[in-house]
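Q: Sequence and computational prediction follow.
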Amino acid sequence: MTRPRNILIVLFLWLLTISANAQDYRRQYRQAKDLFLAGNYSESMKAFQPLTIYDRENPYPEYASYYYAMSAYRLGFAAVAKDMLLQIRKLYPSWDQLDEVNFLLAAVYAEKGEVFQSLLVLSEIQRPTLVADALNLKRTLLANVSDTETLKMVLEEYPQDSIVAKALAKNIVKRSWPSEAAYFDSLVLRFNFSRHQFPLPVGVTTVRKEKYRVSAILPIQVNTLEPSPNRKRNQNVIDLYQGMVLAADSLTAQGKAIELLLYDSERNPETVKKLLEWPELKQTDCLVGPLFSEEAKPVLEFSQQHKINLFANPVSNSSDFLNGSDHAFLFEPSHETIGRKSAELIHTQRPSKPVIVFYGENPRDIMMAGSFNERARELGLRVLATEMITKDAYSRVTSVLASPTEYDEFKKPKQFKLRLDSLGSVMVCSDDPLIFSKAVNAVELRNDKVLVIGRESWLEDQSVALSLYEKIGAIFSSPNYTPLSNPALLRFQRKYTQRHAVFPSAYAQIGYEFMMFLGTTLHQHGTHFEQTWQAAPGVMSEGYVPQPSRDNGLVPFIMLQQGQPVLFEKR
């Protein structure tokens, strides 16, 4: 009986020792924690250090290791903190406080400028209570990166991360403008940022005035005009200017004084250069014109040199009129913007079926198709084919869309090489009637609900009956869409007819709308309106949305109903 009794005594003494050791560890941990909470980090490191060693009787090695690392971090010993945190991750991978460890480790990496390591560790944090702090640390980390190329590499690593993209956009504006302006534009469009989040370093101050001077350099060609009621060779230019004059008078009557001055470019680049030598043009608040690309270059250079905002051609979609000047803008959406918005429209209407793109040989078709395809890829649309249609190969449109493989008893095609219901939409980036008419006729022949996207200019051509567009449900980009019953349109038509004794043309209407927009914008935002302007409704049109590409970011799309254009949607 002596041996069992001795065993019990030994067991009892062992339990007492364990209890004493546990109480000793608890006491040491509390003392170390009190030192930490008191901000005595040097002493707390010494106190926590023996508790970081693993022992079956020590319940605190993970916590002691964490507070040891935290103490080292607060003392500025980042390397010591990093080593201990990495040790915790290795020894205790299942510890329920590992998110706190990762957050501190990410902060250490951030302090050492190790951007990629910090972001990788931050991405592992899952606890909801820490996610917001992790995002704030991420923003701070990225904001402190000065190198644009490093942030580009980060975005390549995290291509869908809007926080990274925003940090890169801010970096470009702060450090790499204007050399990275095009890349900045792509970020804003890709992530749907608002331009106003990124104030641009324009280097000029906007000026507010009671009256603003707008100088229009237009090819009126006064010397060629004849005093007759007949339509002039350059009647469109005259109509545009007369619409602008009517708007300037209307604005002045509203208390928004506009002084509109006209300079005849004579459609001659040398004449334009001589005009730009006139001192008074340096005092203008905004330039308009001269409409043609060969005359635009000296005006763009003048605009850039004197920091005067310019709308080179209010009726053009060509981004060529933006080249060379940070102060040049388009009133219309560019071909690139129309291409992007068309892809977004198709994504909402036919997201699960592929699209085929046709375009012509001219540069505007190529730019629109390229922009469409780029945005389609970003949205995950499947582009089945992109076909350039050359002048000797118009039949290619029909062969792609409607090459029959089977016929019914009436010799009508009932199946095609491109199978029925296999195609969702056709994007036609061309105003060439021999391209778009073949696309429309091929879609009608297929009769399988393929969506056709085109341009409103098609409606002015007689190549395709309007009823056919309505039958297949074609949709058209229409930047200047105005409902025929719009009260503002009816008032404009009445005022214009009273003044000129003729019904206003489309060019007169655009001139009026443009000048109303420009005059209102100047009075609201001053001479450098681009610093503060925002989306604005139009007087007759759907409106204007500024964007970094310096064109109108709003594109209305229309369709025909009972022979009349109606708004389908605007993007």
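A: All right, it came through fine. Numbering: from 1, shown residues only.

Q: Which parts of the stretch 401-550 of the chain are strands?
A: 404-407, 413-416, 425-429, 451-455, 475-477 (DSSP state E, counting those that start in this stretch).

Q: Okay, now the sheet partners of the second one, with direction.
A: What that stands for is strand 413-416. Its sheet considered, strand 413-416 pairs with strand 404-407 (antiparallel) by DSSP bridges.

Q: Give me the contact list for the strand it pairs with.
A: Contact partners of strand 404-407, identified using CB atoms under 8 Å, 6 or more residues apart in numbering, comprise Pro413, Lys414, Gln415, Phe416, Lys417. Bear in mind the C-beta positions are built from the backbone N, C-alpha and C, glycine included.

Q: now the fourth one, which residues is it bridged with?
A: Yep, that's Phe416 we're talking about. Counting by DSSP bridges, Phe416 forms beta bridges with Pro404.

Q: For Thr337, see how far away it is.
A: Using CB to CB, to the nearest Å, we find Phe416 at a distance of 33 Å from Thr337.

Q: Please apply the same query to the last one.
A: Applying CB to CB, one obtains 34 Å for the distance of Lys417 from Thr337.

Q: again, but for the third one
A: When distance is defined by CB to CB, Gln415 is 38 Å away from Thr337.

Q: These two: which is more packed in?
A: Neighbour count, other CB atoms under 10 Å: between Gln415 and Thr337, Thr337 has more, with 28 against 13.

Q: on that earlier part again, just the buried residues of the contacts of strand 404-407.
A: For the contacts of strand 404-407, a burial check counting by 16 or more other CB atoms under 10 Å picks out Pro413, Phe416.

Q: Looking at the contacts of strand 404-407, which two lie furthest apart in space?
A: Lys414 and Lys417 (12.8 Å; CB to CB).

Q: List the contacts of Gln562.
A: Residues near Gln562 by CB under 8 Å, 6+ apart: Glu470.

Q: meant to ask about Gly370, not that
A: Counted by CB under 8 Å, 6+ apart, Gly370 has contacts Glu336, Gly339.

Q: That one: what secondary structure?
A: helix (DSSP: H, G, I helix; E, B strand; the rest coil).

Q: Contacts only, for Ala47.
A: For Ala47, the contact set (CB under 8 Å, 6+ apart) comprises Gln28, Gln31, Ala32, Leu35.

Q: The third one: which element?
A: When secondary structure is defined using DSSP states H and E, the element that contains Ala32 is helix 2-37.

Q: Can you name the next helix or strand after that helix?
A: Per DSSP H and E, the first helix or strand lying C-terminal to helix 2-37 is helix 41-48.

Q: circling back: just the strands of the stretch 401-550 of the chain: most buried one?
A: strand 425-429 (a mean of 28; mean count of other CB atoms under 10 Å).

Q: Okay, now the sheet partners of that one, with direction.
A: Partner strands and pairing direction for strand 425-429 (DSSP bridges) are strand 355-359 (parallel), strand 451-455 (parallel).

Q: closest one to Gly39 among those strands?
A: Nearest to Gly39, of all these, is strand 355-359, at 63.8 Å by CB to CB.

Q: give me the low-pLDDT residue ranges for the stretch 51-200 of the chain?
A: Scanning the stretch 51-200 of the chain with the threshold set as pLDDT under 70 gives 177-178, 195-196, 200.

Q: That one: helices as residue ranges?
A: For the stretch 51-200 of the chain, helices defined by DSSP state H, counting those that start in this stretch occupy the ranges 61-74, 78-91, 98-111, 115-122, 128-143, 148-157, 162-171, 181-190.

Q: Reformat those as a markdown table; add distance to Pro279 and mean neighbour count.
A: Output for the helices of the stretch 51-200 of the chain, formatted as a markdown table (distance: least, CB to CB, whole Å; neighbours: other CB atoms under 10 Å):
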| stretch | distance to Pro279 | mean neighbour count |
| --- | --- | --- |
| helix 61-74 | 64 | 22 |
| helix 78-91 | 62 | 18 |
| helix 98-111 | 55 | 22 |
| helix 115-122 | 52 | 19 |
| helix 128-143 | 45 | 15 |
| helix 148-157 | 40 | 15 |
| helix 162-171 | 39 | 20 |
| helix 181-190 | 31 | 18 |
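
Q: Any chance of TSV for those helices, columns distance to Met540?
A: What follows is those, written out as TSV (distance: least, CB to CB, whole Å):
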stretch	distance to Met540
helix 61-74	63
helix 78-91	63
helix 98-111	53
helix 115-122	49
helix 128-143	43
helix 148-157	41
helix 162-171	34
helix 181-190	27
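
Q: In TSV, list the strands paired with strand 425-429 along with mean pLDDT and distance to Phe302.
A: Below are the strands paired with strand 425-429 laid out as TSV (pLDDT from 0 to 100; distance: least, CB to CB, whole Å):
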stretch	mean pLDDT	distance to Phe302
strand 355-359	96	34
strand 451-455	96	32
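
Q: Of all these, which one is nearest Glu569?
A: Glu569 lies closest to strand 451-455 among those, at 12.0 Å (CB to CB).

Q: and for that closest one, what are the contacting residues?
A: Residues contacting strand 451-455 (CB under 8 Å, 6+ apart): 338, 342, 345-346, 349-350, 424-428, 431, 436, 439-440, 443, 472-477, 557.

Q: Next: stretch 33-43.
A: So stretch 33-43 is contacted by Ser44, Ala47, Phe48, Tyr67, Met70, Ser71, Ala72, Arg74, Leu75 (CB under 8 Å, 6+ apart).

Q: any idea how far Thr497 is from the second one?
A: The reference is to Ala47. From Ala47 to Thr497 the distance is 92 Å (CB to CB).

Q: domain parsing for the chain?
A: Here the domain parsing of the chain from automatic domain parsing is 18-171, 206-332+485-539, 335-478+561-570.

Q: The ones you listed: which one's closest to Pro548?
A: With CB to CB as the measure, domain 18-171 is the member of the domains of the chain nearest Pro548 (9.1 Å).

Q: State the number of residues packed around the nearest residue to Arg340 once chain neighbours are set aside.
A: On the basis of CB to CB, 6 or more residues apart in numbering, the spatially nearest residue to Arg340 that is not a chain neighbour turns out to be Arg375, at 4.3 Å. Using other CB under 10 Å, the number of residues around Arg375 comes to 22.

Q: quick one: contacts for Arg375?
A: Residues counted as contacts of Arg375 (CB under 8 Å, 6+ apart) are Gly339, Arg340, Ala343, Glu344.

Q: so how far is Ala369 from it?
A: Arg375 is 11 Å from Ala369, where distance means CB to CB.

Q: shared neighbours, these two?
A: Residues within reach of Arg375 and of Ala369 at once, by CB under 8 Å, 6+ apart, are Gly339.

Q: Would you format the strands paired with strand 425-429 as a markdown table with distance to Asp24 included?
A: Written out in a markdown table, the entries for the strands paired with strand 425-429 read as follows (distance: least, CB to CB, whole Å):
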| stretch | distance to Asp24 |
| --- | --- |
| strand 355-359 | 74 |
| strand 451-455 | 78 |
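
Q: how about the helices in the stretch 301-450 of the chain?
A: Using DSSP H, counting those that start in this stretch, helices in the stretch 301-450 of the chain cover 335-349, 363-379, 395-402, 433-446.
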